[in-house]
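> Sequence and predicted structure are below.
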Amino acid sequence: MKNIFFIFFLCFSFSSTAKVVMTLDKALETSFPNMKVEKKRVYLSKDNVLDLQKQAKSRFNSQVFSYYEASNGSGREATAFIVTHKLRSRTQTLFLIFDNKGILKSTEVLAFYEPDEYIMNKKWFSLFEGNSISKNISMKSSNMRVAGSTISYNETSKAIRRISTLYSFIYD
């Protein structure tokens, strides 16, 4: 009987917090209307990963990353990255868009598998917009802290720094 209750509890708790906010296809379509979007991959060496980790002050969990270049006929207009990372015990997937100068233009949550009260809102994400790795995208700013969501705040900030650093590696 205890096992049945435990299984029921697990199924109920996962379904109550698991949330796909937007699919990748919808994010690309919404963000880049009437643009050609090309999927690309970057393969990092172990040395590349070590260098990027030092710059980002955050651990990279992969050596392979996919990204999407959006163009309108006259060249690349923007680049989008999808990053999935662990928060407490579950994951979050972000969709980050950079312009051609490496400036973060937009961040969207595509999926969030933690309780809803820990999700960062658009206002919080907007604090990163207009910044690049050269401006030291950082989680140190006191106006970026979020009471009650310290882990989400820290891990999301680190993910944004990792991807900003990766953008610089690819394009600089």
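Now that the structure is in, tell me what you want to look at. Being a predicted model, the structure only gives us computed values, none of them experimental.
> count of neighbours near E155?
When neighbours are counted by other C-beta atoms under 10 Å, E155 registers 18. C-beta here means a position set from N, CA and C on the backbone, and glycine is covered the same way.
> Am I right that it is in contact with L87?
Yes - between E155 and L87 there is a contact under C-beta atoms under 8 Å: 5.1 Å.
> Okay, now the unreliable bits of this protein?
Applying pLDDT under 70 to the chain flags residues 1-18, 132-151.
> Which helix runs longest in it?
Looking across the chain with DSSP state H, the single longest helix is helix 150-171.
> tell me what it is packed against?
On a contact count with 3 or more C-beta pairs under 8 Å, 6 or more residues apart in numbering; DSSP states H and E, helix 150-171 meets strand 36-43, helix 46-56, strand 76-86, strand 91-99, strand 104-112.
> Mean neighbour count added to these, as a markdown table?
Formatted as a markdown table, those follow (neighbours: other C-beta atoms under 10 Å):
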| stretch | mean neighbour count |
| --- | --- |
| strand 36-43 | 11 |
| helix 46-56 | 14 |
| strand 76-86 | 18 |
| strand 91-99 | 21 |
| strand 104-112 | 19 |
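> Need the CA coordinates for stretch 114-129. PDB is fine.
Only the C-alpha atoms of stretch 114-129 are listed here, as PDB (Å, rounded to 0.1, in the frame of the first residue of the first chain):
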ATOM      1  CA  GLU A 114      10.500  23.200 -10.800                       C
ATOM      2  CA  PRO A 115       7.600  24.700  -8.800                       C
ATOM      3  CA  ASP A 116       6.200  27.800 -10.500                       C
ATOM      4  CA  GLU A 117       7.200  30.100  -7.600                       C
ATOM      5  CA  TYR A 118      10.900  29.600  -8.600                       C
ATOM      6  CA  ILE A 119      10.600  30.700 -12.200                       C
ATOM      7  CA  MET A 120      12.300  34.000 -13.100                       C
ATOM      8  CA  ASN A 121      10.000  36.500 -14.700                       C
ATOM      9  CA  LYS A 122      10.400  38.600 -17.800                       C
ATOM     10  CA  LYS A 123      11.300  41.700 -15.700                       C
ATOM     11  CA  TRP A 124      14.200  39.800 -14.100                       C
ATOM     12  CA  PHE A 125      15.400  38.500 -17.500                       C
ATOM     13  CA  SER A 126      15.200  42.000 -18.900                       C
ATOM     14  CA  LEU A 127      18.000  43.100 -16.500                       C
ATOM     15  CA  PHE A 128      20.400  41.000 -18.700                       C
ATOM     16  CA  GLU A 129      19.200  42.400 -22.000                       C
END
